[in-house]
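>>> Okay, here's the prediction I keep looking at, along with the sequence it came from:
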Amino acid sequence: MRIILLGSGTSQGVPIIGCTCDTCISQNTKDKRLRTSAYIEVNGLKILIDTSIDFRQQMLRSNVTDLDAILFTHHHVDHIFGLDDLRQINQKYNKFVDIFGNKMTLDEIKLTFRYALDEKLIRYMAVPLMNFNYLENLPFRVKEKDSSEKEFCEVIPIEVYHGRIKIFGYRIGNFAYITDCSFIPEKEFGKLHGLDVLVLNALRQAPHPTHFNVEQAVATAININAKKTYFTHITHDLLHDEVNKTLPVNIELGYDELELIIDD
Ligand SMILES: [Zn+2]
Ligand SMILES: [Zn+2]
Ligand SMILES: [Zn+2]
């Protein structure tokens, strides 16, 4: 399994327009954060988590040219607004792309991208072409279009709280990805045993009502006890090299284009 962090930044990205703080003017490429998203290759399948506002730029930068499925964590703008550029993949491969999410997420995507449901525009391939797959909090399979039943990848949703709303993280093999989380219910921790890599959100040092701050993310990461944890969805509050020095062993700040290889 190959994983690329396409983006590691919070909703505004880093640098923030007009900001001259140490992180925003840092020359370290690890302090340049596009909006949070990840790409996974497993069993020959190409899977994206969220279509961030920077989707197009991220696909070009990491040379991702095809997708079999998109797993949405939730419907907030920073996680879905790049979706229109899915058209290029629809047209290149003449296919609809399977998208997965909970009911609130997919219903909100249908409202936000209402034009993409227009039958005439769909016929002209003038809109992002999606097969909507509504998820319960149960394991599901991602498959290649028209593939034999042998080629699939099992994905386990992890239902967490983002403030008051319930959103999904996802586990594939020994990799798990949770962003925009402020609370993980006890019953979901059972799905997070024996991880090689965990990607978890850590917004900033100060507490926030709907996101883990660094202290909460560290406590959660220690509790989950993956072999390695990378933080994501980071604001300009965290200067990469400085904050990394303060983190426990096996926990690091993630950064854009970080590539991970995990045995299937
Ligand atoms: Zn977000
Ligand atoms: Zn700044
Ligand atoms: Zn959010």
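Happy to help now that I have it. Ligands and ions are numbered 1, 2, ... in the order given.
>>> Distance of the residue of the stretch 151-264 of the chain found nearest ligand 2 relative to C19?
Nearest to ligand 2 in the stretch 151-264 of the chain, going by Cβ to the ion, is H236, at a distance of 3.4 Å. Every C-beta, even on glycine, is put in place using the N, C-alpha and C of the backbone. Distance of H236 to C19, computed by Cβ to Cβ, to the nearest Å: 6 Å.
>>> Over to D50?
24 Å.
>>> hey, where'd the strands end up in the stretch 1-150 of the chain?
Taking DSSP state E, counting those that start in this stretch to define them, one finds strands in the stretch 1-150 of the chain at 2-7, 37-42, 45-49, 69-71, 97-101, 130-134, 140-143.
>>> Direction included, what does the shortest one pair up with?
Counting by DSSP bridges, the strands paired with strand 69-71 are strand 45-49 (parallel), strand 97-101 (parallel).
>>> So which of those is nearest E151?
For E151, the closest of the strands paired with strand 69-71 is strand 45-49, at 7.2 Å, according to Cβ to Cβ.
>>> what residues does the closest one touch?
Strand 45-49 has contacts (Cβ atoms under 8 Å, 6 or more residues apart in numbering) with 6, 37-41, 64, 66-73, 142-144, 151-153, 170, 172, 177.
>>> One more: stretch 80-96?
Contacts to stretch 80-96, defined as Cβ under 8 Å, 6+ apart, come from residues 37, 50-56, 58-59, 65-67, 70, 72, 97, 108-109, 112-113, 116, 125-131, 145.
>>> List the buried residues in it.
The neighbour-count criterion (16 or more other Cβ atoms under 10 Å) identifies 80-86, 89-90, 95-96 as the buried residues of stretch 80-96.
>>> State the distance from S11 to H233.
Going from S11 to H233 by Cβ to Cβ gives 8 Å.
>>> the more surrounded of these two?
The residue with more neighbours, out of S11 and H233, is H233; 28 against 18, by other Cβ atoms under 10 Å.
>>> Could you find the closest non-adjacent residue to I251?
Nearest residue to I251, sequence neighbours excluded (Cβ to Cβ, 6 or more residues apart in numbering): T229, at 4.7 Å.
>>> Can you pull the residues of the chain lying near ligand 2?
With Cβ under 5 Å from the ion as the criterion, the chain meets ligand 2 at residues 16, 19, 21, 24, 236.
>>> from those residues, which would you call buried?
16, 24, 236.
>>> Could you check how many residues crowd around D180?
Residues lying near D180 (other Cβ under 10 Å) number 27.
>>> Which helix or strand contains it?
Using DSSP states H and E, D180 falls within no helix or strand.
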